[in-house]
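K.L.:
Predicted coordinates and the sequence they were generated for:
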Amino acid sequence: MRLLPEPGRAWPEAPLLFERSRPGRRAGRPPRPDLPVPELPDGLRRARPPRLPEVSEPELVRHFTALADRTFGVDTGFYPLGSCTMKHNPRLHERLAALPGFRDLHPHQEDEAAQGALELMWRLQEMLAEIAGLPAVTLQPAAGSQGELTGLMLMRAYFADRGEERDTIVTADTAHGTNPASVTMAGYKLAKAATDARGNLDVDDLRAKVDERTAGLMLTNPSTLGLFDEGIEEVARIFHDAGALLYYDGANLNAVAGISRPGDMGFDIVHFNLHKTFSQPHGGGGPGGGPVAVRETIEPFLPVPRVVREGDAFRLDHDRPKSIGRVRGFAGPFGVFVRAYAFIRAYGPALKEMSEAAVLNANYLLARLRDLYDLPYDRLCMHEFVLSARGLKREHGISALDVAKRLQDYGIHPPTVYFPLVVPEALMIEPTETEPKERLDAFVEAMRRIAEEAAEAPELLKEAPRSRPVRRVDEVRAAKHPVVRYLFEEHPALVP
Amino acid sequence: MRLLPEPGRAWPEAPLLFERSRPGRRAGRPPRPDLPVPELPDGLRRARPPRLPEVSEPELVRHFTALADRTFGVDTGFYPLGSCTMKHNPRLHERLAALPGFRDLHPHQEDEAAQGALELMWRLQEMLAEIAGLPAVTLQPAAGSQGELTGLMLMRAYFADRGEERDTIVTADTAHGTNPASVTMAGYKLAKAATDARGNLDVDDLRAKVDERTAGLMLTNPSTLGLFDEGIEEVARIFHDAGALLYYDGANLNAVAGISRPGDMGFDIVHFNLHKTFSQPHGGGGPGGGPVAVRETIEPFLPVPRVVREGDAFRLDHDRPKSIGRVRGFAGPFGVFVRAYAFIRAYGPALKEMSEAAVLNANYLLARLRDLYDLPYDRLCMHEFVLSARGLKREHGISALDVAKRLQDYGIHPPTVYFPLVVPEALMIEPTETEPKERLDAFVEAMRRIAEEAAEAPELLKEAPRSRPVRRVDEVRAAKHPVVRYLFEEHPALVP
Amino acid sequence: MSGVGPGYLSLTERDREEMLAAVGVSSVEELFAQVPEGVRLRRPLDLPPPLGEAELARHVEELAARNAHVGAELSFLGAGMYDHYVPALVDVVLSRGEFLTSYTPYQPEMSQGVLQAIFEYQTVICELTGMDVSNASGYDGTTVAADACYVARHFSERRTVVLAEALNPQVRQVVKTYAPGFGLEVVEVPHRGGTTDPDELAAAAAEAAAVLFQQPNFLGCLEPAPDLAQAAREAGALPIAHVDLTTLGVLEAPGNYGCALAVGDGQAAGNWLSYGGPHYGFLAAKGEFIRRLPGRIVGETVDADGRRAYVLTLQTREQHIRREKATSNITTNQTLLALAGLAALAWLGPEGLREVGEACLALAAYARERVPLEPAFPAPSFKEVAFRTPIPAREVVRRARARGVHPGYVLGRDYEGMDDVLLVALTEKRTAEDVDRLAEVLAEVCR
Amino acid sequence: MSGVGPGYLSLTERDREEMLAAVGVSSVEELFAQVPEGVRLRRPLDLPPPLGEAELARHVEELAARNAHVGAELSFLGAGMYDHYVPALVDVVLSRGEFLTSYTPYQPEMSQGVLQAIFEYQTVICELTGMDVSNASGYDGTTVAADACYVARHFSERRTVVLAEALNPQVRQVVKTYAPGFGLEVVEVPHRGGTTDPDELAAAAAEAAAVLFQQPNFLGCLEPAPDLAQAAREAGALPIAHVDLTTLGVLEAPGNYGCALAVGDGQAAGNWLSYGGPHYGFLAAKGEFIRRLPGRIVGETVDADGRRAYVLTLQTREQHIRREKATSNITTNQTLLALAGLAALAWLGPEGLREVGEACLALAAYARERVPLEPAFPAPSFKEVAFRTPIPAREVVRRARARGVHPGYVLGRDYEGMDDVLLVALTEKRTAEDVDRLAEVLAEVCR
Ligand SMILES: Cc1ncc(COP(=O)(O)O)c(C=O)c1O
Ligand SMILES: Cc1ncc(COP(=O)(O)O)c(C=O)c1O
């Protein structure tokens, strides 16, 4: 292992924990009760101990500190990763989720001894119902995609209960990958609906695809293009007239909280992404929360257990004969609920200002960037928008990826790239409501300079990034010869 | 304000909070009781509001995160800052100090409602007494230097009580600056004792300086040279024979815990540095803790309040007629006590291993570096040792400061330089017990390369550091034209 | 925009005016013109009034204070979630803003730290389970079981999965919820006196794509796991073990007795109880399954300078590339909790993990001996013991809690005829004295 | 070295052998040969046995649980330490390992972050107090008062300092402890019905180097501070104000009514109560005193490339350079706590700080009106009100605490003839309902 960096390099190498390991080192000393340890039945005892790292506590702290330093978060700077709503995460939430009354509460604790937790969940359900414009909420799903799956299972149960046979789900060609993936996992067939020139669903195309075999539509609104579907009322009519249901992918709810409610748009089932709209920190990939809100007609099918109120008491109700069953352990990711609850209580009815600021920030960026990059759909946007590097590609051979990598050199996390698929060389930009104008202006300035560099010094973009711990990473090699765990003796050396 | 860094630079600029400020922005919204606010008497109302920064919470979090990133701590890497004992700070301690029963405990709470806190302090006193080899302890002093001052006040009270007039304190020429400074603040005259060729106190010189006007000696043992005074017994005899007292500066206690106790060495008064030996995090400059242990004869003079035990109960005793009085608010920095208490309980009698490891680490470095740099006192060392860059200076014009700055480029915090004063071009190196061998080896390697660079490419050293957010800082200009606060409109621009 | 929102918002009146001007509209209202009148909410949201941070903290603290947490009573609750010690090192991971506020590392150069940590996590999971590949985490111990069935489903023509009845009831429920969508049928094999009979399992597995069993099982018993795995294999079904990471310093790794996949809930290793989540589910498999695995996988590669680097790999498995053909729909996972698990397991190391396991074994054996009740099952325990109670177990819980002791989980919640069975969990945080206290209280309340 | 020490140590047996070999000794014992036999400890330290992290946590949690903290009762304790709200932003400062584990920034290039934060702290203190220069912090509100006297001592031939009796008793005690060493005599001026009389102060100040008074004072009263400062100045003594940062969004800054120095305890602004510490003491002064100030001062300068940089400056004042001629012996200070203060004050901003002050004013006025007891002093309150109790105040406290309310501080602890005076503190964390509850309980217990 090498602990001595190249002199003058701001980013010293970070050896793997296993490379920091030395036989006989240790950090933790668990309690050792002064009691005999019984023998285990034959064949159950582990033959060889697992090769966990053997590292002292000081070096463990340094290791994780070094890894954190090599990670860029919202706390580090601007992170306009489209569709992910990378907003500020209030620190208060970490304090609250860590209160012993929550953090150390066993999920099997008797209901009467967990009233505070149950009340928090019940209140959160009520608030989410009001925001969705739908009466019943389950908090159980672990993330948006599980919310989708839950929603589709609810559709199946609903139609089965009515004795209807429907096997197809319609999604938009702009849909997030989780939508079609969920459709398959739920055992449904997929039909794709086209997007029209204004970025709305193509209503004629849609009509052709909806019939008595259609179980429902999955739609994000505003769409992944950051555009509100102006024909949403007609869309809803088409499906409802065919006896089908509408599912609202809530990933973009940050645009419309308090402004337009999915239930009022005609959706029957809605999922929320608590880690997006309601500020659960993204944690390098998770955790999340994907509560689902539904109409009365669908309420009987919601997963068990349900959090219910009886007078001043709250309890978990497992006795729901028509329920689709359980989709996750216990009543859901409670720690996430504490944060979402606190977030909504901090705004109250002013939650609308969150969406207004998010939409204003996005439109400001759009207005200042529209002349520098291609704009496939020339409209005001909602909380995010999609530009294209098509022009740079054509004229200078500079791709959306090159732009993204160069942005890193300007200390900015790149937007989402190459999504949605309907836009070539897509740059999907979502600033969120918590960014100050100066950050937006700095981003515009960076994007402007990059457009200039593309013309005048394209190699700067091709060779970017230069300011990060590593330069551009070889993804092809990673997939061709997968090394997905440390190989001990056979592992390639840190510095060849 | 500039939020956009030079592209490709790993260290973006960090504007001042005041430069991030925008009129009307705010983070916190305190509670506003629905009650009338009374008028204030004339002239008491603030005429102009203070120009505190106006910044939203997201930007405040980013600001402090950016400042943390520009700060090197023990968690970042090796920090052999001599005399400061920069050891690992167990994270558990932060958890414990933050327990509501401690963190939210009001210092005026009635004793019977603070028994847990009082018991912790009483137990800590007992443990420190055992480690010092002296019976009575006050926890009140806020840091080592206040411990020194307290010790000197105790001497004055002690002699006054005996009707003796003594006005001089002897310190070693190797003494830390706080020693002579404390002597003056306590109203004593200063006498300096010389160090002999082996790095011990020069006993003959000492004899000449001790008489009936001598109140006492202040000594660090091991000394700031990292050497244990081999003549300590004789030294103690000299002072005690003259009726004077011995004060032990405990900053270097990390070398001898469980091995040799100041009380057994003949010291009458001892201070501890809880932030050094007992792992209170140094916090960028503080807080610290400087408890003082004394002999029975001096106990009556200790500061009030004292933490005392009565049967199974504990209380604060303010009624001590002979006490020198109070040196700090309340009973001392309680949060520091929680950490020190936890640290000692984690070792128990094995505390000796802490010092053994500290001394072994230091001697290992000394053995591997002695041929690369000058070694003024050729002996085994204790927990630290002092090298000299005298040779590099003579041969290549490279100073201890140049070595220090170049070490930064190797990702290592420089040792203490130019102290102790008796060693020219001093490099004072203290690895502490928590460093693994690999870190020590990396340091040796860096020091070796630097010695080579001094000969082959001195400019690398002269121009160091290159890997930090700033290059070498102009201290002269800072002192010549002091800018010690933000000047608002008149403040020099971040980027001229 | 009145600006009454909390200090999370950063726009001043002046900012807003400048920005609206740049957009070329005169009000924020105009930006929403694209939202049809018919679907606009024309009233304020009916939500409680805003709370400043101090009031919010006080309100939520009051809610938290109304829960009896494991520090507030002497608790022996387990049954899937365990009160193991969470080392303070975990705080370093959970409190670093960079880990907290970053997301899925789509841009590897921006996220080398998280990527490397996940790679280390994958390695630790592989080592503990005896597998070749692990994903970056699933939602929890229930959903990873369903994921594993989905893997098996694509590996075999068979259309049933077998679940041991002694497998965690919540896991079985979730598998049953998912199975229809996968086109799978679920068959359950009853336990016999607390453990699963290999022959019975073999018979049921004859037509099955996979077999799921748990070690140690939900009833607190050690299964003859190697025999169960062999029975499944011989029946042509993939053996899938549901395991507890904290036992694997002592118990043999599923991969070493022939399991194809290993899954489980990581809570016991480094996560707080948190009333059931968020935690991490882990899923590991033998190499042959790598291209069928659900979720993120991090691989090691090099950068343009040949420097070691990490990156999300084999993404053609995933929804954002493969869409309806993906191996799963998962995207947001449980990375932060998985990293907490990595920290906790690295803090323990091989020695510490063995010591935790042995502490549980010793305490469970001691409880069997001290508690004045009949063990419900003969098979040896690991960290849980089921006891028969002379009065309904629910009543035992009620009375014991009144004495400050939560004696455990009532198995009758999930199993027919077990209303008089109490499942007592022992972690290394409990002491012999704690067990003595439990025995004392149970003696009192069972009179 | 048996290796039983905690996991903070990093040397393995093998490391030790290699290292001893490199040193050229055969045992660790040999390294200590320089320690004379006569002073060696030849037995193990008599300390309780080592505790692993889990046991240690449990033990210390038990100690913490035996204290009635301000969340455990409705508390109106103040008298120098106040239960103001500590924003969660402060956690970012206190939990960042780089701030936590770095030390005095002797090497500016390694510590630009801490240096800049201190520079920002100095600016905030100067703004609030109306001064030109602030140090990087002192130990607490008591020692900075002594430091201020030391500054005055070097500025004047005079050899006495005058302390208002209404100044915090602990502050007066510490000044008295330090004064002899400084060669200063202490004179005290009694309060008159809760406040200090300017003429009396002027008379006492005639021979004094400095005058210290507190605003708002320890008795909860607003002093005629500008008149006191003027009285001191006219008597040729330096006026030094002891102030509370949380009041300075509303109250005039001492520097704006002629004070030479301003000092105080920063706890109320961003530090937890923590049973008395660690907190930060602040000390600020007019420009003319800059070269006499004690402690660290950070200055702005440039680096070799002309880039803005920060550095410890004017170090010739300090002990490590000036030794016995230093302006103070302080080195380790309270930086981390001062940075917490910076975070809390930046979080509030000018508006928030004013709102905090106004909340205190409003609640104090409301308490005066609601509490069924006589205010002890006529002068207006800021955030504390002293009430006369019909029975000994100690007894009132005892009875009220039995009802879950801590009604305040017994002034008889420090002042003759005030055994029946209760000092009630109101911070913005208390509500009108809380005051109603206090009034109700006091009515009950004072019967
Ligand atoms: C539009 C859209 N739909 C669905 C999802 C899936 O949500 P989650 O990541 O919470 O599973 C996402 C986020 O990744 C998304 O952006
Ligand atoms: C030898 C020595 N004595 C005294 C002190 C002063 O201790 P403190 O910094 O805790 O005031 C120090 C530390 O700076 C020191 O190294």
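P.N.:
Okay, I see it. Ligands and ions are numbered 1, 2, ... in the order given.
K.L.:
use CA for all of it now, contacts and neighbours both
P.N.:
Fine.
K.L.:
so what's the closest residue to A:Thr174 other than its chain neighbours up against?
P.N.:
Excluding the flanking residues, the one nearest A:Thr174 by C-alpha to C-alpha, 6 or more residues apart in numbering or on different chains is A:Pro420, at 5.6 Å. For A:Pro420, the contacting residues are A:174-176, A:224-225, A:426, A:428, by C-alpha atoms under 8 Å, 6 or more residues apart in numbering or on different chains.
K.L.:
will you turn those residues into JSON lines that also has distance to A:Ala194, pLDDT and neighbour count?
P.N.:
Listed next are these as JSON lines, based on distance: C-alpha to C-alpha, whole Å; pLDDT from 0 to 100; neighbours: other C-alpha atoms under 10 Å in any protein chain shown:
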{"residue": "A:Thr174", "distance to A:Ala194": "8", "pLDDT": "96", "neighbour count": "23"}
{"residue": "A:Ala175", "distance to A:Ala194": "10", "pLDDT": "96", "neighbour count": "24"}
{"residue": "A:His176", "distance to A:Ala194": "14", "pLDDT": "96", "neighbour count": "24"}
{"residue": "A:Thr224", "distance to A:Ala194": "13", "pLDDT": "97", "neighbour count": "26"}
{"residue": "A:Leu225", "distance to A:Ala194": "13", "pLDDT": "98", "neighbour count": "30"}
{"residue": "A:Ala426", "distance to A:Ala194": "18", "pLDDT": "98", "neighbour count": "27"}
{"residue": "A:Met428", "distance to A:Ala194": "19", "pLDDT": "98", "neighbour count": "25"}
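K.L.:
Now render the residues you listed as JSON lines, adding secondary structure.
P.N.:
Shown next, in JSON lines, are the contacts of A:Pro420 (DSSP: H, G, I helix; E, B strand; the rest coil):
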{"residue": "A:Thr174", "secondary structure": "coil"}
{"residue": "A:Ala175", "secondary structure": "coil"}
{"residue": "A:His176", "secondary structure": "coil"}
{"residue": "A:Thr224", "secondary structure": "coil"}
{"residue": "A:Leu225", "secondary structure": "coil"}
{"residue": "A:Ala426", "secondary structure": "strand"}
{"residue": "A:Met428", "secondary structure": "strand"}
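K.L.:
just those now: which is nearest ligand 2?
P.N.:
Taking C-alpha to the nearest ligand atom as the measure, ligand 2 sits nearest to A:Met428 out of these, at 53.0 Å.
K.L.:
so the closest one touches A:Ala389, yeah?
P.N.:
No. Between A:Met428 and A:Ala389 there is no contact under C-alpha atoms under 8 Å: 10.8 Å.
K.L.:
still on that earlier bit, need phi/psi at the residue nearest to A:Thr174.
P.N.:
phi -70, psi 160 (degrees, to the nearest 10).
K.L.:
before we move on, what about A:Met218?
P.N.:
Torsion angles, degrees, to the nearest 10, at A:Met218: phi -110, psi 120.
K.L.:
Pull the residues that contact the helix or strand where C:Glu444 lies.
P.N.:
Element membership of C:Glu444, judged by DSSP states H and E, is helix C:432-445. Helix C:432-445 has contacts (C-alpha under 8 Å, 6+ apart) with A:33-35, C:74, C:363, C:366-367, C:370-372, C:396, C:399-400, C:403, C:405, C:407.
K.L.:
try 10 Å this time
P.N.:
A:33-35, C:74-76, C:362-364, C:366-373, C:389, C:391, C:395-407, C:424, C:426, C:431 (C-alpha atoms under 10 Å, 6 or more residues apart in numbering or on different chains).
K.L.:
Can I get that helix as CSV, trimmed to CA atoms?
P.N.:
Only the C-alpha atoms of helix C:432-445 are listed here, as CSV (Å, rounded to 0.1, in the frame of the first residue of the first chain):
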residue,chain,number,x,y,z
ALA,C,432,-25.6,-12.2,31.9
GLU,C,433,-27.2,-9.8,34.5
ASP,C,434,-29.7,-8.7,31.9
VAL,C,435,-30.7,-12.3,31.3
ASP,C,436,-30.9,-12.9,35.1
ARG,C,437,-33.3,-9.9,35.3
LEU,C,438,-35.4,-11.3,32.4
ALA,C,439,-35.6,-14.7,34.1
GLU,C,440,-36.7,-13.0,37.4
VAL,C,441,-39.4,-11.0,35.7
LEU,C,442,-40.7,-13.9,33.6
ALA,C,443,-40.9,-16.0,36.8
GLU,C,444,-43.0,-13.2,38.4
VAL,C,445,-45.3,-12.6,35.5
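K.L.:
distance between that helix and the chain's centre?
P.N.:
30 Å (C-alpha atoms, centre = their mean, to the nearest Å).
K.L.:
Excluding sequence neighbours, find me the nearest residue to the residue of the stretch 151-300 of chain A found nearest chain B.
P.N.:
Closest contact between the stretch 151-300 of chain A and chain B, by C-alpha to the nearest C-alpha, is at A:Ser279 (12.3 Å). Here the nearest residue to A:Ser279 in space, its sequence neighbours aside, is A:Asn89; by C-alpha to C-alpha, 6+ apart that works out to 5.5 Å.
K.L.:
element containing the one you found?
P.N.:
Using DSSP H and E, no helix or strand contains A:Asn89.
K.L.:
My understanding was that it contacts A:Arg339; is that so?
P.N.:
Yes. Under the criterion of C-alpha atoms under 10 Å, A:Asn89 makes contact with A:Arg339 at 9.2 Å.
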